[in-house]
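Student: predicted model follows, preceded by the sequence.
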Amino acid sequence: MTLEGVLGPNTVIDDAEGLKVEAPQALCVVDGSRLLISSGNAVLAISRWGDQPQPWCVFDQPVTALSASPAGTVGIGLADGSFSVRDRAGSVLAGWGRPESLASVTDCLFVSEDEIALVDSGYRAGEDILSRAPWDETGRGQVVMINRNGAMRRLAAGLHCPMGLARDADGELIVSLLERAAIVDLAGKVRQPGFPAYLGRVRATESGYLLSCLSRRDPLIEFLKTEAEFVAEMKATIDPRHWISPRAHPEFSHDFPIELGATRLFGEIKPWAPSFSYGLVIATDTAFIPTGSAHSRANGARHAISDTVEWNGDVIAVSRASGEVLRFSFAREAA
């Protein structure tokens, strides 16, 4: 897919209302009304847009995933591969098992009130997923199920950097793959390939899905996947920070690949300039066909969209690059 038609560039994300939050990553809506926001090691809560976020609970690890069940139970994934289950007041619910051998929890989803599915990307907290995943051929990711009685079972393994989890129209679990830019089921069958971005989480909506995109897929990166010797030398001799890879932050420097091309007349960065970071949310129908999009282009700062939910008629998104929670509406912008 290319950035044209309903995926054509716009300024919806850059024009969105923003709420500053320290180190945000994940969102969920509890009881259809309260919005929970991860902020570093803490989870914050707001009941309406414009309220000051209030502390809900605190952990000893960064919070990397949030999910709420229909009854208001909240699952919290943590950077070290552990997770916690809390009631709507933030108190610990006993009896849930501790997962074993998970690198990190990138998403979670209640399958029932007594079961929660966890997504493990296979990359530990200290590893830069965006730098490494495009050049890693090994599928380290998995999806596991944890029962309230403590039992754990593996639903899928060998996935290439899974990031998000949702149900399809038939109730089956589907997974978003970051570098493969595809939606697959737990058997590995591709439901929709070729998205123009590195996918974060996938969230079901009343009309389809919202795809959070951590960066735009770049033609140079895609071309270099055919140059095995070049890639091997790059990985062997260059720090991963300077690999030709997508990035979360829109910083420009002469020692980053292609970034000299981003400076135009009077030093202004143009929206169409080459950039390895980007802000993008894709709305799709139930078959994962895109129906709309929201962008923060090369000259914007609201890149690396890690999570998106619908709340009170609006779209709420996390920009990890700018450290904000954003509010916008596809319908309002289209009008």
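Tutor: In hand now; what should we look at?

Student: which residues of the stretch 201-335 of the chain fall in helices?
Tutor: Along the stretch 201-335 of the chain, counting by DSSP state H, counting those that start in this stretch, helices occupy 219-224, 228-237, 330-334.

Student: could the ones you listed be laid out in CSV, adding mean pLDDT and distance to Gly50?
Tutor: C-beta: built from backbone N, CA, C; applies to glycine. Converted to CSV, the helices of the stretch 201-335 of the chain look like this (pLDDT from 0 to 100; distance: least, C-beta to C-beta, whole Å):
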stretch, mean pLDDT, distance to Gly50
helix 219-224, 89, 39
helix 228-237, 95, 46
helix 330-334, 52, 17
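
Student: so which of these gets nearest Leu199?
Tutor: helix 219-224 (14.8 Å; C-beta to C-beta).

Student: contact partners of the closest one?
Tutor: Here helix 219-224 makes contact (C-beta atoms under 8 Å, 6 or more residues apart in numbering) with 134, 230-231, 244-246, 257-258, 274, 276.

Student: quick one on the thing from earlier: Leu44: which of the helices of the stretch 201-335 of the chain is closest?
Tutor: Closest to Leu44 of the helices of the stretch 201-335 of the chain is helix 330-334 (C-beta to C-beta; 25.2 Å).

Student: of the helices of the stretch 201-335 of the chain, which is nearest Gln52?
Tutor: Nearest to Gln52 among those is helix 330-334 (24.6 Å), distances taken as C-beta to C-beta.

Student: on that earlier part again, which two among the contacts of helix 219-224 are spaced furthest apart?
Tutor: Within the contacts of helix 219-224, two members stand farthest from each other by C-beta to C-beta: Val231 and Pro274, at 19.2 Å.

Student: can you list the weak-confidence ranges in this protein?
Tutor: Low-confidence segments of the chain (pLDDT under 70): 1, 252-267, 331-335.

Student: I'd say Ala166 and Ile174 touch.
Tutor: Yes - using C-beta atoms under 8 Å, Ala166 is in contact with Ile174, at 5.7 Å.

Student: overlap of the contact sets of these two?
Tutor: Contact criterion C-beta under 8 Å, 6+ apart; residues shared by Ala166 and Ile174: Val202.

Student: how about the nearest residue to Ala321, chain neighbours excluded?
Tutor: Of all residues not flanking Ala321 in the chain, His303 sits nearest, at 3.9 Å (C-beta to C-beta, 6 or more residues apart in numbering).

Student: check contacts around the one you found.
Tutor: His303 sits next to 215, 248-250, 277-279, 296, 319-322 when contact means C-beta under 8 Å, 6+ apart.

Student: which of those are buried?
Tutor: Buried members of these, scored by 16 or more other C-beta atoms under 10 Å, are 215, 248, 250, 277-279, 296, 319-322.

Student: would you turn those into a markdown table with distance to Pro53?
Tutor: Shown next, in a markdown table, are those (distance: C-beta to C-beta, whole Å):
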| residue | distance to Pro53 |
| --- | --- |
| Ser215 | 26 |
| Ala248 | 22 |
| Pro250 | 25 |
| Ser277 | 26 |
| Tyr278 | 27 |
| Gly279 | 21 |
| Ser296 | 22 |
| Ser319 | 16 |
| Arg320 | 17 |
| Ala321 | 19 |
| Ser322 | 16 |
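
Student: can you tell me which of the residues you listed is nearest Ser67?
Tutor: Distance to Ser67, by C-beta to C-beta, is smallest for Arg320 among the buried ones among the contacts of His303, at 18.6 Å.

Student: in terms of contact, does that closest one touch Val21 like I think?
Tutor: No - contact criterion C-beta under 8 Å: Arg320 and Val21 do not qualify, at 10.3 Å.

Student: end to end on stretch 90-98, go ahead and measure it.
Tutor: End-to-end distance for stretch 90-98: 18 Å, by C-alpha to C-alpha, to the nearest Å.

Student: and stretch 95-102, by the same measure?
Tutor: End-to-end distance for stretch 95-102, by C-alpha to C-alpha: 19 Å.

Student: for that stretch, buried residues please.
Tutor: So for stretch 95-102, counting by 16+ other C-beta under 10 Å, buried means 96, 99, 102.

Student: shouldn't the second one be in contact with Val144?
Tutor: Yes - judged on C-beta under 8 Å, Pro99 makes contact with Val144 at a distance of 6.0 Å.

Student: on that earlier part again, save the buried residues of stretch 95-102 as JSON lines, and put in secondary structure and distance to Asp114 too.
Tutor: Converted to JSON lines, the buried residues of stretch 95-102 look like this (DSSP: H, G, I helix; E, B strand; the rest coil; distance: C-beta to C-beta, whole Å):
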{"residue": "Trp96", "secondary structure": "coil", "distance to Asp114": "9"}
{"residue": "Pro99", "secondary structure": "coil", "distance to Asp114": "16"}
{"residue": "Leu102", "secondary structure": "coil", "distance to Asp114": "20"}
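
Student: ok, now how distant is the closest residue to Leu186 other than its chain neighbours from Leu177?
Tutor: Leaving aside its chain neighbours, Leu186 sits nearest to Ala156 (4.3 Å; criterion: C-beta to C-beta, 6+ apart). According to C-beta to C-beta, to the nearest Å, Ala156 stands 11 Å off from Leu177.
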